[in-house]
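K.L.:
return atomic coordinates for the entry below.
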Amino acid sequence: MKTFIGKSGFAFLEERETRLKQRWFHYSPPETFAHTTFRSPDWLLWREGQHEAAVAAMYAKTTDGVRENDRTQIWARNGVRASRLQVVDALSLADPGSPLNYLLTYLAVTHPHEDRIIIDADSCTAQGIALPDVDFLIHDDDLVMTKYEGTPGVMYRDLYVNAAPEHPGQDDDRPAFRRYADLADQLLAQRQALTYTGPWAGQALIERLQPR
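P.N.:
As a prediction, this is how the structure comes out:
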């Protein structure tokens, strides 16, 4: 296992993304965004309760739109299966101004064509599925990288490579990789039964404000 601190982990993943050939899978639990402070102007509006203005701002200007579109086109040409799986819980969704409600709205506006799966944590509990409380990404059949706040305000990422150790005495990352990959496969296989079907704060605003 290798740990990246700060922006280095994001840079490592970003450099690999255009070279993927099989899979991009992103899992996020509600805890990932429970205490997040976003920096975009639309988040500031959302946080102040100006949800309609926030959604209008999302539509007016998407700061990462060009990069995301380029990445999506490259993945489509390479045959990459890209899925974003977001777990939601009743407590986070009950607050219209929560970071989780903002995130669901932001992704629906800025990534309208991605395979985004909203999973109900209560349904997983009822099915006996133990969900990790750490965010993780899978690249092809090569690696898993987790993401968590190692120290206040600093993002840490642990890298698990799906390969035998290079040197004697090194930890074998393959069992950890397999646990995350198997969970991803399990959730995708049961996506219909586990999908959250209730409302979230931005749905009606998106239907009313989206360009025609």
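K.L.:
could you use CA atoms for every contact and neighbour count after this?
P.N.:
OK.
K.L.:
output the contacting helices and strands for the longest helix along the chain.
P.N.:
Counting residues, the longest helix found in the chain (DSSP state H) is helix 174-189. If you count contacts as 3 or more Cα pairs under 8 Å, 6 or more residues apart in numbering; DSSP states H and E, helix 174-189 packs onto strand 143-151, strand 154-161.
K.L.:
hmm, 10 Å instead?
P.N.:
Packed against helix 174-189 by the contact rule (3 or more Cα pairs under 10 Å, 6 or more residues apart in numbering; DSSP states H and E) you find strand 23-28, strand 81-88, strand 115-120, strand 135-139, strand 143-151, strand 154-161, helix 191-194.
K.L.:
of those, which is nearest Gln170?
P.N.:
strand 154-161 (12.0 Å; Cα to Cα).
K.L.:
which secondary structure element of the protein has the lowest mean pLDDT?
P.N.:
In the chain, the helix or strand scored least confidently by mean pLDDT, DSSP states H and E is helix 65-78, which has a mean of 75.
K.L.:
for the residue of the chain positioned farthest from its centre, what are phi and psi?
P.N.:
In the chain, the residue that sits farthest from the middle, by Cα atoms, centre = their mean, is Pro168; the gap is 34.6 Å. Note on Pro168: its backbone torsions stand at phi -60, psi 140 [degrees, to the nearest 10].
K.L.:
when you give positions from now on, start the count at 19
P.N.:
Sure, I'll start counting at 19 from here, so that last one is Pro186.
K.L.:
mean confidence for the helix or strand that contains Leu223?
P.N.:
Leu223 belongs to helix 221-227 when assigned by DSSP states H and E. The average pLDDT within helix 221-227 is 91.
K.L.:
so which elements touch it?
P.N.:
helix 69-78, helix 117-128.
K.L.:
can you pull the contacts of the nearest residue to His157 once chain neighbours are set aside?
P.N.:
Spatial nearest neighbour of His157, excluding adjacent residues (Cα to Cα, 6 or more residues apart in numbering): Trp42 at 5.1 Å. Residues counted as contacts of Trp42 (Cα atoms under 10 Å, 6 or more residues apart in numbering) are 35, 93, 98-102, 155-159.
K.L.:
name whatever forms a beta bridge with Trp42.
P.N.:
Listed beta-bridge partners, Trp42: Ala100, His157 (assigned using DSSP bridges).
K.L.:
low-confidence ranges in the chain?
P.N.:
Scanning the chain with the threshold set as pLDDT under 70 gives 51-55, 80-87.
K.L.:
make it 50
P.N.:
82-83 (pLDDT under 50).
K.L.:
ok, His185 - how many residues close by?
P.N.:
The local packing of His185 (other Cα atoms under 10 Å) involves 7 other residues.
K.L.:
for the one 5 residues further on, same thing?
P.N.:
Taking other Cα under 10 Å as the neighbour definition, Asp190 ends up with a count of 17.
K.L.:
are we agreed that it is in a strand?
P.N.:
No: Asp190 is assigned coil when assessed by DSSP: H, G, I helix; E, B strand; the rest coil, not a strand.
K.L.:
tell me which residues touch it, please.
P.N.:
By Cα under 10 Å, 6+ apart, the contact set of Asp190 is 19, 178-184.
K.L.:
just the buried ones from these?
P.N.:
The neighbour count (16 or more other Cα atoms under 10 Å) marks 178-180 as buried among the contacts of Asp190.
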